[in-house]
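J.: Kindly generate the corresponding structure for this input.
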Amino acid sequence: MAQAGQSAANTIVGRGAPGGGADADGLALAHQSFKNLELALGRLDLTSEVGQRDGISLILAVGDCVLATRILLHPYPKTSDLASTRNATCVAINGLRPQLFNYFNHVLRLDTSGPAAVVPAHMKRYVFAKPTSREDSDSLLAQFIRFELDQMDFFMQPHGAGSWALCVNVGSAVEAISKPNYFVQQSNLERIRDFVNVLLVSIGVPQVAPVAPNPALQGYSWPAFVDFYITKLKLAAGLPLLLDQYLHIAACVRIFENALTAMRQRLTSLVRDPDPSSRTMQAFIFPPDGSVIQDLTSLSTEISRKRNARGDMAGAFKTHDGKPAIANWETLRLDDQFFTDYLKALSKKPKRARAKAAAKVAAPAGAKAGEAAAKVVAAAAAKAGERRVTPRWQPSSQSSNPSSAV
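T.: You can find the predicted model right below:
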């Protein structure tokens, strides 16, 4: 590695970053962040497992050399990034790709609560990825490297957030989680939040979004977004009717799914920027004026509208199959028979009546309400019968969800 960094500035030739200028990668090679990385990698034994893992950590966790991150996280195992042969350091970085499974296993096993990060004995049994996972396009590792968080099954056994949380919280019990409710139950959301946060921090994305000079432009990190989402999910408690509660939860889930897609696009734009020397991974994930945050914010307006329209009339409505007009929202699930029967009945109505009913969904206010609501109903209907059994985590702050009891 001693020769890895020589003459980086002289390698500015016509093979730039995807979509960038002809010398974009060459300029990144001459940038101080790349020079610092060259020096640091040159001190490591990249033939040892520990050295390889430390090398990957230097590249990803610091997050200030996007070109190196791009080379290392090239999404296709049988090809390499265009810059991977630009100099000896790029070749060395590319050579670390087969060890990504080992790196992500390590960071997810680490306990960082003490003065020094350690891998507790009980975490050694958790495995996020295997040596062959990078070649398996459906593995969590391959999906994460492609930033396809909207495709990841977060409770896939034995690699997902459920299995991880069972190891983190020794003695917690295995619980049943159906796929339609991944983003409904607070305990599930807390597990997903913490699990994905470890993965994001391990590639240089900050846990707390950088402070914007203008507070109005302050973006959201992943953990901040999930916490904000949970506050909006809880607004179901203030809705006047049982069906309103279900529809609000379904609208929230649709927004969360859109957020995962938005995060994929955001991460891709950071790592694949045409000018890699102008970027770092130290950035927020969700802009305050983006559709995800705006849609969540508008849910409060929709709930206020429904309460004003219906007042305190909930008690005047008949119960639904033995359920009260208003329920504890934390007991509601999108695969409950009451809601799935509603969706089935809705699908049988004429198109005009179906569109009118769909407009009742607690989706963002304004002209997009009917369209967003229809998507919510369609998505929920498609998922209604799908179930998956996976571990269920009891967070340290006890959830009030009755089904969380172990």
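
J.: tell me the mean pLDDT over stretch 209-220?
T.: Regarding stretch 209-220, the rounded mean pLDDT is 94.

J.: Please disregard the earlier target; I meant stretch 86-106.
T.: 97.

J.: May I have that stretch as CSV, with CA atoms only?
T.: As requested, C-alpha coordinates have been extracted for stretch 86-106 and formatted as CSV (Å, rounded to 0.1, in the frame of the first residue of the first chain):
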residue,chain,number,x,y,z
ARG,A,86,-7.4,4.3,-11.4
ASN,A,87,-4.5,3.7,-9.0
ALA,A,88,-3.3,1.2,-6.5
THR,A,89,-5.5,2.6,-3.7
CYS,A,90,-8.6,2.2,-5.8
VAL,A,91,-7.6,-1.4,-6.6
ALA,A,92,-7.1,-2.1,-2.9
ILE,A,93,-10.5,-0.5,-2.1
ASN,A,94,-12.2,-2.6,-4.7
GLY,A,95,-10.5,-5.7,-3.3
LEU,A,96,-12.2,-5.2,0.0
ARG,A,97,-15.7,-5.7,-1.4
PRO,A,98,-15.8,-9.5,-0.6
GLN,A,99,-15.3,-8.6,3.0
LEU,A,100,-18.4,-6.4,3.3
PHE,A,101,-20.4,-9.2,4.9
ASN,A,102,-17.8,-9.4,7.7
TYR,A,103,-17.9,-5.7,8.3
PHE,A,104,-21.7,-5.4,8.5
ASN,A,105,-21.8,-8.5,10.8
HIS,A,106,-19.3,-6.8,13.1
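
J.: buried sites along it?
T.: Across stretch 86-106, burial judged by 16 or more other Cβ atoms under 10 Å covers 86-90, 92-94, 96-97, 99-106. Quick note: C-beta positions are derived from backbone N, CA and C, even for glycine.

J.: for stretch 295-311, same thing?
T.: 295, 296, 298, 299, 302, 303, 306.

J.: which stretches of the chain form strands?
T.: Under the criterion DSSP state E, strands are not mapped anywhere in the chain.

J.: Relative to residue 61, how far out is residue 206?
T.: 11 Å (Cβ to Cβ, to the nearest Å).

J.: Against which helices or strands is the longest helix along the chain packed?
T.: Using DSSP state H, we find that the single longest helix of the chain is helix 242-271. With contacts taken as 3 or more Cβ pairs under 8 Å, 6 or more residues apart in numbering; DSSP states H and E, helix 242-271 sits against helix 66-72, helix 222-233, helix 291-310, helix 337-348, helix 369-383.

J.: can you give me the angle it makes with helix 222-233?
T.: 160 degrees (axes from the mean of the first three to the mean of the last three Cα atoms, to 10 degrees).

J.: which residues of the chain score low on pLDDT?
T.: Applying pLDDT under 70 to the chain flags the ranges 1-22, 171-175, 310-326, 351-406.

J.: right, and residue 85 touches residue 91 too?
T.: Yes. Applying Cβ atoms under 8 Å, one finds residue 85 in contact with residue 91, separated by 6.1 Å.

J.: quick one: contacts for the closest residue to residue 259 other than its chain neighbours?
T.: Closest residue in space to residue 259, ignoring its immediate chain neighbours: residue 292 at 4.5 Å, by Cβ to Cβ, 6 or more residues apart in numbering. Residue 292 makes contact with 225, 255, 258, 259, 262, 286, according to Cβ atoms under 8 Å, 6 or more residues apart in numbering.

J.: Could you check how far the nearest residue to residue 103 once chain neighbours are set aside is from residue 97?
T.: Spatial nearest neighbour of residue 103, excluding adjacent residues (Cβ to Cβ, 6+ apart): residue 56 at 4.4 Å. Using Cβ to Cβ, one obtains 9 Å as the distance from residue 56 to residue 97.

J.: What residues of stretch 39-52 count as buried?
T.: Neighbour count says stretch 39-52 has 41, 42, 44, 46, 51, 52 buried, by 16+ other Cβ under 10 Å.

J.: Same check on stretch 60-78?
T.: 60, 62-75, 77.

J.: One more: stretch 269-276?
T.: Quick answer for stretch 269-276 (16+ other Cβ under 10 Å): 270, 271, 272, 273, 275, 276.

J.: same deal with stretch 194-209?
T.: 194-206, 209.

J.: how about the CA coordinates for that stretch, as CSV?
T.: Only the C-alpha atoms of stretch 194-209 are listed here, as CSV (Å, rounded to 0.1, in the frame of the first residue of the first chain):
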residue,chain,number,x,y,z
ASP,A,194,-32.4,1.0,15.5
PHE,A,195,-31.4,-1.7,13.0
VAL,A,196,-31.4,0.5,10.0
ASN,A,197,-29.6,3.3,11.9
VAL,A,198,-26.7,1.0,12.7
LEU,A,199,-26.4,0.2,9.0
LEU,A,200,-26.6,3.8,7.9
VAL,A,201,-24.1,5.0,10.5
SER,A,202,-21.7,2.3,9.3
ILE,A,203,-21.7,3.9,5.8
GLY,A,204,-21.1,7.4,7.2
VAL,A,205,-24.7,8.7,7.4
PRO,A,206,-25.0,10.6,10.7
GLN,A,207,-27.5,9.6,13.4
VAL,A,208,-28.3,13.2,14.0
ALA,A,209,-28.8,15.4,10.9
